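**Q** With the sequence up front, the predicted model follows.
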Amino acid sequence: YGDAEISGNVFLRDDAKVYDKARVSDNVVLSGHAEVFENARVSDKARVGSFAMVQGNALVEDYAEVNGFAKVMENAKVVGTSRVYGNAVIKDDAWVRDSSVYGNAEISGNAMLADNAQVAFNAQISDGVVSTNYTPSLPTLEAQQLGVLLDVTPTVAPDGYSIYLDMLPSITELIGYDTT
């Protein structure tokens, strides 16, 4: 419909629709009443089906799949081997790469999901990064002896019979934790 462009082995079935200025190309499968419209693009072996919608300036490409009433909208991108399904919504400038979003989850703002991350159920992520390759920096911890410590240094006297003891007692207690 309208000025939509379809090119390069696109397979449309089950009342799937492409309209407005949407572009669909390169071995894409659209099925199950899926809709691609406005300026949205779907390409490179992506699949959109089961009442899913791709709209606005959204992009779905590579081997990504969007189905089951899911919505990809505005400037959002779903790429790589990502799967978006259920009632999930990807919107704003969010980017999903090689990850899964499902249930009623919503990814928005400048959020980015990558590296096999999974977001599900009623989760909402906005303006953050979720990645299975993320490793938070941990503080360096130093072991510390607590309690009473008695440091004893024995010395044998010149008579070979007596022993002198140098004793240095100390008490160390925990005052609190440094949270900086």
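**A** Done, it's in.

**Q** Residue 95: neighbouring residues, count only.
**A** 21 (other Cβ atoms under 10 Å). To be clear about C-beta, it is placed using only N, CA and C from the backbone, and glycine gets the same treatment.

**Q** Please disregard the earlier target; I meant residue 11.
**A** Using other Cβ under 10 Å, residue 11 has 12 neighbouring residues.

**Q** State the distance from it to residue 33.
**A** In this view, residue 11 and residue 33 are 15 Å apart by Cβ to Cβ, to the nearest Å.

**Q** got any ranges where this structure has weak pLDDT?
**A** Low-confidence segments of the chain, defined by pLDDT under 70: 1, 128-142, 177-180.

**Q** redo that, cut-off 50
**A** Applying pLDDT under 50 to the chain flags the ranges 134.

**Q** For residue 163, which residues are in contact?
**A** Residue 163 makes contact with 154-157 under the criterion Cβ atoms under 8 Å, 6 or more residues apart in numbering.

**Q** export those residues to JSON lines and tack on distance to residue 54?
**A** What follows is the contacts of residue 163, written out as JSON lines (distance: Cβ to Cβ, whole Å):
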{"residue": "154", "distance to residue 54": "81"}
{"residue": "155", "distance to residue 54": "84"}
{"residue": "156", "distance to residue 54": "87"}
{"residue": "157", "distance to residue 54": "91"}
